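> have a look at this fold, sequence not included:
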């Protein structure tokens with residue numbers, strides 16, 4: 001399961017491409033809260049998350065996500081000791097200006113408004129962004145035609161993570177989302193778990209997950225920005 005985009009980013013793009021960058025201190029949020037808000041703010045239907053690593057401890061540093069867009073640009077999120085660092089890497093004759101003109105002000109606004117929210121609301125929104133990340137993780141496994149067992153558990157993680165979030169489960173359309181995830185879990189479970197995901201199922205599952213991703217992105221944004 002070779003991740004060629006990630007290999008290309010690590011070997012060439014991260015050191016040779018031009019990039020735009022901005023940094024935002026965590027305080028008064030936690031590093032986890034700001035990382036999750038930044039992940040959602042940078043994410044879109046045209047982005048594919050090709051790598052995500054979360055700090056295994058409560059340390060502020062160590063979390064990283066790498067996104068690839070259909071415009072052939074890469075966005076990275078990385079936590080340091082006291083701030084989050086966002087970068088947009090872009091090919092020659094293009095720009096990464098939207099990171100500064102759109103993402104930076106939007107994330108700053110969301111940081112300020114999130115601080116004022118009730119504790120339960122904040123917890124539920126962070127859990128919904130977790131579902132968003134789980135869907136992206138699953139999507140990447142499918143695009144790489146990964147092992148069926150891994151894809152089965154990734155779909156299950158997304159479904160189970162959503163099931164414990166009232167804001168998710170009470171939203172219009174949530175039952176259809178859960179039914180779709182259940183359907184694909186059953187479908188993948190019937191495959192040989194040690195083999196890689198079959199080519200003929202890729203487009204169908206990706207299409208369904210993209211519909212679910214669009215739904216959850218809209219749901220989270222609606223709650224964050226109201």
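Okay, I see it. Predicted, not measured: the structure shown is a model, and the values here were computed from it.
> quick one, domains of this structure?
Annotated domains of the chain cover 4-116, 120-225 [automatic domain parsing].
> avg pLDDT for the last one?
Mean pLDDT, taken over the full extent of domain 120-225, equals 95.
> would you turn the domains of the chain into CSV with mean neighbour count?
All C-beta spots, glycine's among them, are computed from the backbone N, C-alpha and C. As requested, the domains of the chain are exported to CSV (neighbours: other C-beta atoms under 10 Å):
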stretch, mean neighbour count
domain 4-116, 16
domain 120-225, 17
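> distance between the ends of stretch 71-82?
31 Å (C-alpha to C-alpha, to the nearest Å).
> quick one, strands of this protein?
With DSSP state E applied, the chain shows strands at 18-25, 47-53, 64-69, 74-79, 83-90, listed in chain order.
> right, and the ones you listed - which one's nearest residue 187?
Among the strands of the chain, strand 47-53 comes nearest to residue 187, with 21.9 Å by C-beta to C-beta.
> any idea how far the closest one is from the chain center?
Here strand 47-53 is found 7 Å from its chain centre; the criterion is C-alpha atoms, centre = their mean, to the nearest Å.
> measure how far the lengthiest helix in the chain is from the centre of its chain, please.
In the chain, with assignment by DSSP state H, the single longest helix is helix 199-225. Here helix 199-225 is found 11 Å from its chain centre; the criterion is C-alpha atoms, centre = their mean.
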